[in-house]
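J.: fold the following, please.
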Amino acid sequence: MYKLRRFHKISGYLGYIIFLLIFVSGILSDLSAQNAATTAQNPNSPKESAEEEDGYVSPMKSSGLTPDFTRSTFFEPELGKKFANRKKAWLNDWIRLGAYVRPRYEDRYNLSFDKSNKGYTSRAMQTSQVFFIIDPSPYFSAKVTFQDARIWGGETPANVGDARANVFDAAGTTTTSNPASGSGSTIPSQTTIREAFVLLKKLPLDAKIQFGRQVLAYGDQRLLGGANWTINGLSYDGARIMFDQDNYKIHFFGTKIAANQNGVNGVVSANAPITITDPVTKKSTVVNPGQPDQYIVGTYNSLTAKDWFTLDVYSIGLLTKKTAIAGAKSDLDLYNNSWAKQQSDLITTGFRITNRTANNNLPKDGFWGAWDWAIESAWQTGATGERTVKDPLLDSYVRQNVAGLSNQSYGTEVQKYSGSMHVFQTGYTFFEKLRAGFQYTYASGDKNRTDGSNATFQTLTNPRFGVFPYWNNVAGLSENIDTKNLSSFNFNFSYKTERYGTFYAAYIINNKVQTQDAWYAINGSANTGASTESNGVGQTTISVSGTGKNIYNEFDLTWMYVVNDYVSIWIGGGILTAGNAVKNQRNALYHYNLQATGTETAGLHLNTGVVTGANGTASTAHMFFFQVNAGF
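T.: Numbering: from 1, shown residues only. As a prediction, this is how the structure comes out:
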């Protein structure tokens, strides 16, 4: 069985590789056939290609930038159109220079609802971009985006005690990772390459291939998106093959998001193993195995039926290789083998259908009038990389009675992903100004995380925040929750004025699907101890309190105003109120220790801090932001 499972995993990788090889071979064969044809018979002959390029003017100069070249910025629709269609930014017929600057202040207060630890944050941040688009030919385009993400006043000092240290540009400080050997590293400023890709066009079958560092954004970006709302956003290193026509799009993509190996000439990976060399013996020791290689591969396909609806069908794989640990053991199912975790293959397959057929907007004179709607569902399969004990009694007997197996697990099974997500979104726009909307989001939870099924829906790489034109349509401005173990009701309104900008309001109710599962933070980790849960995963301390489903509710207000053709201002904030899942946990008068610890014996204990009022739930929290967006 083990060899069969391994064969299926390997065959899955080979399938992707074989597909790419066949596709590339087809392209090369087709190009060879074209070159062998006579110039008179060949519409793409070198002579005609040269003539076509000599008089070439980028169609984006007159028609505006296409989505392939605007995915790293985040504008409201009105300013976004001005940015995409700006003629002044073109240096000639095929080179466009651009800039994007976004200073942002935010104030966040006690978003964990902890009475004893308010968690107050007040910070000013800034995202800055300069980019170049090169479109010199109907066969080739490219884009490079330089991005800097920083905290105001956060530049590291050049020298301690230097009065000018905090204002030196791009200064670095050295951190010591191993005091014994004195090794360290210098932390640079946060200037990076956000995008750097080439786009090959007019390939056989009217295909396009995009190579390099790029932003992936599909559908409502619940699974894959640029996360441009965040200070630094997301980028993916890989390639896409795209077949785009007026009524359908077929995309295949493959990206590498974690590399376990360093490169040549001092080019290093943040995920590579860390080794320390003893200065005396010169012996190298691996102190951190790093992160395993990880990939995102998949296909996303869209079919549009006039202005009736668009149907998206997708399958996305988040593939993680084995994680190595020291100490080789047998690879049989009977033992814990030489890896901390087996290969993890998270496969998310789903569909999305919507009547927003005009670049995710309603067509002006569409079949549905002013009513918009969207439905999305996704299901997850694959192995988590963990093994669970199938028969605890048998496992305990073997450990205690069979020689040599006291530290092993017997009778284990592979744990599988089994989560799902379902979203229904709708709204109606009155008088082309006032939209009233509703959204329900369901993301499954797991009531027993020790069995052979992981039923908590697993989000991929993208923070779940709303995309335009339906702002704040996920789970609140605070971004205080992930789409995992979540049942969320969102009531939202927007009103667009002629002179005073657009106003948005939303009220969100966030509940758990399973009370035994956690409240998950936006980064995907469980807020263990912040809400009632009983997951059975190594818990030694249990709060004696009632369970609860409501995590928190949030009320948000936002104002967006386009100052001119280059600048807009956003101001917004939200008030959060704790639900019974949080209150029951933090206000519990007693807790029970399953085993003795260094400070307490096993048994029932009084939560003294709650009794005296020092600890407990802070019922409300808030956040506020002010943001300026500028684009050229």
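
J.: look up how far N485 lies from the closest residue to A518 other than its chain neighbours.
T.: Ranked by CB to CB, 6 or more residues apart in numbering and with sequence neighbours excluded, the top spatial neighbour of A518 is A526, at 3.5 Å. Where C-beta positions appear, they are placed from N, C-alpha and C, glycine not excepted. As judged by CB to CB, to the nearest Å, A526 and N485 stand 9 Å apart.

J.: overlap of the contact sets of those two?
T.: The contact sets of A526 and N485 overlap at 518-520 (CB atoms under 8 Å, 6 or more residues apart in numbering).

J.: for this protein, give me the ranges with low pLDDT.
T.: Applying pLDDT under 70 to the chain flags residues 1-52, 156-161, 163-189, 323-342, 389-412, 463-469, 472-473, 535-539.

J.: at which residues are the helices of it located?
T.: Taking DSSP state H as the test, the helices found in the chain are 2-36, 46-54, 59-63, 77-84, 392-401, 580-586, 608-612.

J.: how far does the last one sit from its chain's centre?
T.: Meaning helix 608-612. 39 Å (CA atoms, centre = their mean, to the nearest Å).

J.: what's it in contact with?
T.: Helix 608-612 is contacted from outside by 116, 586-589, 615-616, using CB under 8 Å, 6+ apart.

J.: any of those residues buried? List them.
T.: By neighbour count, with 16 or more other CB atoms under 10 Å, the contacts of helix 608-612 hold 586-588, 615-616 as buried.

J.: how about the strands in the stretch 351-500 of the chain?
T.: Counting by DSSP state E, counting those that start in this stretch, residue ranges of the strands within the stretch 351-500 of the chain are 371-381, 383-389, 412-417, 420-430, 434-443, 453-454, 486-496.

J.: can I get the shared contacts of A526 and N485 in JSON lines with neighbour count and distance to G226?
T.: Putting those into JSON lines (neighbours: other CB atoms under 10 Å; distance: CB to CB, whole Å) gives the following:
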{"residue": "A518", "neighbour count": "27", "distance to G226": "27"}
{"residue": "W519", "neighbour count": "26", "distance to G226": "26"}
{"residue": "Y520", "neighbour count": "24", "distance to G226": "22"}
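
J.: circling back: turn the strands of the stretch 351-500 of the chain into a markdown table, columns for distance to P77 and mean neighbour count.
T.: Below are these laid out as a markdown table (distance: least, CB to CB, whole Å; neighbours: other CB atoms under 10 Å):
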| stretch | distance to P77 | mean neighbour count |
| --- | --- | --- |
| strand 371-381 | 14 | 18 |
| strand 383-389 | 40 | 19 |
| strand 412-417 | 36 | 18 |
| strand 420-430 | 13 | 18 |
| strand 434-443 | 13 | 18 |
| strand 453-454 | 39 | 20 |
| strand 486-496 | 10 | 19 |
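
J.: let me have those in a markdown table, extended by distance to I209.
T.: Listed next are these as a markdown table, based on distance: least, CB to CB, whole Å:
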| stretch | distance to I209 |
| --- | --- |
| strand 371-381 | 27 |
| strand 383-389 | 31 |
| strand 412-417 | 31 |
| strand 420-430 | 30 |
| strand 434-443 | 34 |
| strand 453-454 | 35 |
| strand 486-496 | 37 |
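
J.: those strands: which one's closest to G548?
T.: Nearest of these to G548, taken as CB to CB: strand 486-496 at 13.0 Å.

J.: picking that back up, of the contacts of helix 608-612, closest to Q458?
T.: R586 (27.1 Å).

J.: which residues touch that closest one?
T.: Neighbour list for R586: 113-115, 530, 610, 615-617 [criterion: CB under 8 Å, 6+ apart].

J.: do that again at 7 Å, thanks
T.: 113-114, 616-617 (CB atoms under 7 Å, 6 or more residues apart in numbering).

J.: and E432, how many neighbours?
T.: Residues lying near E432 (other CB atoms under 10 Å) number 9.

J.: which parts of stretch 577-595 are buried?
T.: By 16+ other CB under 10 Å, the buried positions in stretch 577-595 come out as 578-588, 591, 593.

J.: pick out the most distant pair among the residues you listed.
T.: G579 and N593 (26.6 Å).

J.: mind listing what the closest residue to T320 other than its chain neighbours touches?
T.: Leaving out its chain neighbours, the residue that sits closest to T320 by CB to CB, 6+ apart is S344, at 4.1 Å. Residues in contact with S344 (CB under 7 Å, 6+ apart) are 320, 383-385.

J.: try 10 Å this time
T.: By CB atoms under 10 Å, 6 or more residues apart in numbering, the contact list for S344 reads 292, 294, 318-323, 382-386, 415, 417, 458.

J.: report the central residue of the protein.
T.: A centroid search over the chain (CA atoms, centre = their mean) returns N462, at 1.6 Å, as the residue closest to the centre.

J.: if I look at the nearest residue to it once chain neighbours are set aside, how far off is R71?
T.: Using CB to CB, 6+ apart and skipping residues adjacent in sequence, the residue nearest N462 is G225, 4.5 Å away. Note on G225: its distance to R71, by CB to CB, is 9 Å.

J.: over to L303?
T.: Distance from L303 to R71, by CB to CB: 22 Å.

J.: these two: who's more crowded?
T.: Each of L303 and R71 has its neighbours counted (other CB under 10 Å); R71 has more, 22 against 14.

J.: pretty sure the more buried one contacts R240?
T.: No: counting by CB atoms under 10 Å, no contact exists between R71 and R240, whose distance comes to 11.9 Å.

J.: common neighbours of the two, please.
T.: Common contact partners of R71 and R240 (CB under 10 Å, 6+ apart): 214, 216.

J.: pull the most distant pair out of the contacts of helix 608-612.
T.: S116 and L589 (15.5 Å).

J.: returning to that earlier point: what's the most distant pair in the contacts of R586?
T.: Once CB to CB is applied, those give F113 and G616 as the farthest pair, at 9.5 Å.

J.: anything in contact with each of those two?
T.: Joint contacts of F113 and G616 (CB under 10 Å, 6+ apart) are 583, 586.

J.: show me the beta-bridge partners of the nearest residue to L319 once chain neighbours are set aside.
T.: Leaving aside its sequence neighbours, L319 sits nearest to Y295 (CB to CB, 6+ apart; 4.6 Å). Beta-bridge pairing for Y295 (DSSP bridges): K256, L319.

J.: do the same with V313
T.: N301, F351.

J.: isn't it up against H251?
T.: No: look at V313 against H251 with CB under 10 Å: they stay out of range, at 11.1 Å.

J.: joint contacts of the two?
T.: Counting by CB under 10 Å, 6+ apart, the contacts common to V313 and H251 are 299-302.

J.: can you give me the buried ones in the strand ranked longest in the chain?
T.: Across the chain, the longest stretch assigned as strand under DSSP state E is strand 121-137. For strand 121-137, a neighbour-count test (16+ other CB under 10 Å) marks 125-129, 131, 133-135 as buried.

J.: next one: that strand to chain centre, how far?
T.: Distance, centroid of strand 121-137 to centroid of chain: 19 Å (CA atoms, centre = their mean).

J.: partners of that strand in the sheet?
T.: Checking strand 121-137 against DSSP bridges gives partners strand 95-109 (antiparallel), strand 140-151 (antiparallel).

J.: Serialize those strands to a markdown table and add fields for distance to M421.
T.: Output for the strands paired with strand 121-137, formatted as a markdown table (distance: least, CB to CB, whole Å):
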| stretch | distance to M421 |
| --- | --- |
| strand 95-109 | 27 |
| strand 140-151 | 29 |
